[in-house]
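1. Give me a 3D structure for the following:
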Amino acid sequence: MASKTLIPAVKGTREFYPEEMAQRNFIYEKARQASRLFGYQEWDAPFLETIELYAAKSGEELVKEQSFVFPDRGGDLITLRPELTPSLARMIAQKQNELVFPVRWWSFGPFWRYERPQRGRTREFFQWNVDMLGVNSPEADAELIAVAATFLKLVGLTPEQATIFVNNRRLMDAQFDALQISPEKRMEVSNAVDRRAKMEAAKWDEYVLELGLKREQLDGLKQILGNYDLWQQSEELIRLFNALEALGVKDYVRFDPNIMRGLLYYTGTVFEAFDVSGSVRRAILGGGRYDNLLRDVGGDPLSGVGFAMGDVVIGILLKEKGLIPAFIPSPAPVLVTVFDASLWMASYSLAAELRAEGWNVITYPEPAKLPKQFKFADRMGVKVALVLGPEEAASGKVTVKNLATATQESVARIEVSAAIRRMLATN
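-> Numbering: from 1, shown residues only. Next comes the predicted model:
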């Protein structure tokens, strides 16, 4: 008989077995906790969007090379969303006169980019997005950075393990003015700065000169990129760091003139978080201020600041650091065994009573020898097993077995919850 061939998953997508799902939920819960600590509201947008939404401000690379684009049955070009900020801008613009500002929103959902799969990068990923709209100040920027730093704290990462690096586009524009770099070349130069850490020094110099900069401009640019006291020339960054200190997260943040962020819509503060102690070389999260995005989707001008964090890189980092909680196979700490067919429904009834009292309970799905059921409970991480056999049924009692200590006691049915609670307290 010919063996069957399994149909593989689509390249770049991910399969979440229970253990991987537990990791994803851990990241989601910590993101949710950090967001809610600062009063942010949860929201979401469509998974499908028209390509025009991204064409204006996200950059040609995102639209032409990284998006999953296909025609719908009407012939319109549709894309699986590669990012969330343009959708945010449209939704805010649609209800701009109804919303209470400043808007503080956060979201955690799936995104897709047609990239070459590699460590830390997949074509399908989940992303945490946090945005504040309606306030234009370095202090608002600091709050977003504080949300990110709070998440790093909540998952157990120290400033020595993960650091948020900040810069300011207006500060860098002033430096570009001094170097007489034309406005037409600034986005290319900014992208080159973003790529600097990934290239050999000589090759990067050559690359920048090929963009049309003169040798003296290149030398001046390198001097700027090595000046880590440059932030003191920016009133915005001085205010930003003062606010970060007041918010109690300054230890997580450092100035770095090499942080530029490639997307077109950033106008002021920009920031990225990196693993500074391990092997993950990609950014953990990144964001910044975008003052013009709403206008580009038909809304009135409105200042905004936000960041995004994918779950892939942070998942690798947390696993490397041993910060993912131990996987517990079953969310139910209690197993109700099924002694035999005659007591099957009695066991189901006992399980239902316990669920009504707030317990998560798993019931063995058929009569089987008790050792087999106990072995199943052990493999699933269940802590307490209940036995309702003929003797227990006749006396109105239940045997409550502590699987960790192999001890047990027989209690009246009404006392089962208290017995479970005592046993779990000793595990």
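
2. and Ala243, how many neighbours does it have?
-> Residues lying near Ala243 (other C-beta atoms under 10 Å) number 20. Any C-beta I mention is one placed from the backbone N, CA and C, and that applies to glycine too.

3. cool, Asp141 as well?
-> Using other C-beta under 10 Å: Asp141 sits among 30 other residues.

4. need the contact list for the closest residue to it other than its chain neighbours.
-> Excluding the flanking residues, the one nearest Asp141 by C-beta to C-beta, 6 or more residues apart in numbering is Thr269, at 4.1 Å. Neighbouring residues of Thr269 by C-beta atoms under 8 Å, 6 or more residues apart in numbering: Pro138, Asp141, Val166, Asn167, Asn168, Arg169, Glu236, Leu237, Leu240, Gly288, Arg289, Val305.

5. any low-confidence regions in the stretch 1-150 of the chain?
-> 1-3, 56-64 (pLDDT under 70).

6. same thing but at 50, please
-> By pLDDT under 50, the stretch 1-150 of the chain has no low-scoring segment.

7. Going along the chain, name the helices of it.
-> Per DSSP state H, counting those that start in this stretch, the stretch 1-150 of the chain carries helices over the ranges 18-37, 52-55, 60, 85-94, 138-154.

8. I'd like these as TSV, with distance to Leu211 appended.
-> Below are the helices of the stretch 1-150 of the chain laid out as TSV (distance: least, C-beta to C-beta, whole Å):
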stretch	distance to Leu211
helix 18-37	38
helix 52-55	24
helix 60	16
helix 85-94	27
helix 138-154	29
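
9. hey, which of these is tucked in deepest?
-> The highest mean neighbour count among the helices of the stretch 1-150 of the chain, using mean count of other C-beta atoms under 10 Å, belongs to helix 138-154: a mean of 23.

10. same for it, what does it pack against?
-> Judged by 3 or more C-beta pairs under 8 Å, 6 or more residues apart in numbering; DSSP states H and E, the packing partners of helix 138-154 are helix 18-37, strand 124-133, strand 162-168, helix 235-246, strand 269-275, strand 283-289, strand 304-310.

11. now those in a markdown table, with distance to Ala406?
-> A markdown table is the format used below for these (distance: least, C-beta to C-beta, whole Å):
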| stretch | distance to Ala406 |
| --- | --- |
| helix 18-37 | 27 |
| strand 124-133 | 41 |
| strand 162-168 | 43 |
| helix 235-246 | 53 |
| strand 269-275 | 43 |
| strand 283-289 | 44 |
| strand 304-310 | 45 |
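
12. of all the ones you listed, which lies closest to Thr79?
-> Closest to Thr79 of the helices and strands packed on helix 138-154, according to C-beta to C-beta: strand 124-133, at 13.7 Å.

13. Which neighbouring elements make contact with the closest one?
-> Against strand 124-133 (3+ C-beta pairs under 8 Å, 6+ apart) you get helix 18-37, helix 85-94, strand 103-112, helix 138-154, strand 304-310, helix 311-320.

14. which residues sit against the shortest one?
-> With contact meaning C-beta under 8 Å, 6+ apart, strand 304-310 is reached by 31, 83-85, 88-89, 111, 125-135, 140-141, 144-145, 147-148, 151, 268-269, 271, 273, 284-291, 293-294.

15. list the contacts for Ala385?
-> If a contact means C-beta under 8 Å, 6+ apart, then Ala385 has Val334, Leu335, Val336, Thr337, Gln373, Phe374, Ala377, Val400, Lys401, Leu403 as its contacts.
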